[in-house]
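Asker: Got a sequence here, can you model it:
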Amino acid sequence: MKPPYDITPTILKQITTIAQKLGEVNATYLNKQKPQLRKENRIKTIHSSLQIEGNTLTEEQITALLENKKIVGPKKDILEVLNAIKVYENLGKYKFHSEKSFLKAHSELMTGLIESAGKYRTKGVGIVKGNQVEHVAPPYENVLFLMNDLFSYLEKSDDLTLIKSCVFHYEMEFIHPFLDGNGRMGRLWQTLILLNEYPVFEFLPFETLISQTQKEYYKALSLSDKSGKSTIFIEYMLDVIDKSLADLLKFNNRTLKEIDRLEYFIQLKIKTFTRKDYMNTFKDISSATASRDLKKGIALEMFESVGEHNKTKYILKK
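Answerer: Modelled structure (predicted):
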């Protein structure tokens, strides 16, 4: 059975703007990113996702653990981070539509933290915020059936991947299949679903924005619960993805060096181009920076120039 949700004008607009930003991402070198950016974003992802769950370690401490250094901190928090590092470094081995992979990921994420790591709960659970019960999860007897149904939706539905990832995230949180680790699994699996179609999400720690908007995150979950459909949560998550892409584009354009831009540009195989053409590819650089880049490209014999001043053209060397 397909999970219920509506396609609203807001969702249609969000999908359009996200698609545009994904196009910009590919045009500004994200598909050739350096290992350093991958490492930095993994640290941000782990830090933000676990911070939502109450983990106290800083990004600096997580960096140290990633580099196999010893740190001082609560044993539970350290183990949470070590488990998360292992899972996020091996995302490629999990299959987004496989329930077996899902349970294996939970086992590796929660090993040493709960006895039932990798197993669905066998008792009732609810989510309490302050003195109020925010959500009562379905009876444990229904969990296996509900999760089977959810993974069937993942595998067989022709919904857009962006929508599907949000629907899964919400429905999994609603079912609350584990005694602990549901939040981090929802965020992890949404990343994995998106990665299947958009490799750029390896560089996109949208968990950071969720961490910064926790009230809105839980409110979107709660309002979706009350409405009986995931529409409000989809709108919230698409907004998070859109803003995260915008931040990533800004970060990417700031950190590219002249040789990075030149190497990317010549791969476009534009045989003849102007400085304006070059700047249209790298929209955030100044005309002076573009001129320095092009001068460097000539010195490296990547291309040659003909003409002078504003009539200068550049010809790619074979």
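
Asker: ok, which stretches of the stretch 201-318 of the chain are strands?
Answerer: Ranges of strands within the stretch 201-318 of the chain are 272-273, 303-306, 313-316, based on DSSP state E, counting those that start in this stretch.

Asker: I'd like the ones you listed as CSV, with mean neighbour count, mean pLDDT and distance to S291 appended.
Answerer: To be clear about C-beta, it is placed using only N, CA and C from the backbone, and glycine gets the same treatment. CSV is the format used below for those (neighbours: other Cβ atoms under 10 Å; pLDDT from 0 to 100; distance: least, Cβ to Cβ, whole Å):
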stretch, mean neighbour count, mean pLDDT, distance to S291
strand 272-273, 14, 92, 14
strand 303-306, 14, 93, 11
strand 313-316, 16, 93, 11
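
Asker: Let's have these in CSV, adding distance to G183.
Answerer: Shown next, in CSV, are the strands of the stretch 201-318 of the chain (distance: least, Cβ to Cβ, whole Å):
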stretch, distance to G183
strand 272-273, 48
strand 303-306, 51
strand 313-316, 50
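
Asker: got a list of what V128 touches?
Answerer: V128 makes contacts with E134, as judged by Cβ atoms under 8 Å, 6 or more residues apart in numbering.

Asker: Need the mean per-residue confidence for the helix or strand harbouring it.
Answerer: Here V128 sits within strand 126-129, counting by DSSP states H and E. The average pLDDT for strand 126-129 rounds to 75.

Asker: C-terminal to it, what's the next element?
Answerer: Next along from strand 126-129, by DSSP H and E: strand 132-136.

Asker: Quick check: mean pLDDT of the next helix or strand after that following strand?
Answerer: Downstream of strand 132-136, the first helix or strand assigned by DSSP H and E is helix 143-156. The average pLDDT within helix 143-156 is 96.

Asker: Quick check: buried residues in helix 143-156?
Answerer: V143, L146, M147, D149, L150, F151, Y153, L154 (16 or more other Cβ atoms under 10 Å).

Asker: ok so, going back, so what are the sheet partners of the strand holding V128 and their directions?
Answerer: Within its sheet, and counting by DSSP bridges, strand 126-129 is paired with strand 132-136 (antiparallel).

Asker: ok, and what's touching the partner strand?
Answerer: Strand 132-136 has contacts (Cβ under 8 Å, 6+ apart) with G124, G126, I127, V128, F174, H176, Y218, L221, S222, D225.

Asker: got the buried residues of helix 143-156 as TSV, with distance to K21 columns?
Answerer: Output for the buried residues of helix 143-156, formatted as TSV (distance: Cβ to Cβ, whole Å):
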residue	distance to K21
V143	36
L146	34
M147	32
D149	32
L150	28
F151	29
Y153	26
L154	24
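
Asker: Low-confidence stretches in the protein?
Answerer: 26-37, 251-256, 318 (pLDDT under 70).

Asker: can we see that at 80?
Answerer: 1, 23-40, 126-135, 202-205, 248-261, 263-264, 267-269, 281-284, 318 (pLDDT under 80).

Asker: Mind jotting down where the helices sit in the chain?
Answerer: For the chain, applying DSSP state H gives helices covering 9-27, 35-52, 59-66, 75-89, 99-110, 143-156, 161-175, 182-197, 207-212, 214-227, 231-255, 258-267, 275-281, 287-299.

Asker: Turn the ones you listed into JSON lines, columns for distance to T312.
Answerer: Converted to JSON lines, the helices of the chain look like this (distance: least, Cβ to Cβ, whole Å):
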{"stretch": "helix 9-27", "distance to T312": "23"}
{"stretch": "helix 35-52", "distance to T312": "33"}
{"stretch": "helix 59-66", "distance to T312": "45"}
{"stretch": "helix 75-89", "distance to T312": "46"}
{"stretch": "helix 99-110", "distance to T312": "54"}
{"stretch": "helix 143-156", "distance to T312": "53"}
{"stretch": "helix 161-175", "distance to T312": "42"}
{"stretch": "helix 182-197", "distance to T312": "41"}
{"stretch": "helix 207-212", "distance to T312": "42"}
{"stretch": "helix 214-227", "distance to T312": "50"}
{"stretch": "helix 231-255", "distance to T312": "24"}
{"stretch": "helix 258-267", "distance to T312": "16"}
{"stretch": "helix 275-281", "distance to T312": "7"}
{"stretch": "helix 287-299", "distance to T312": "8"}
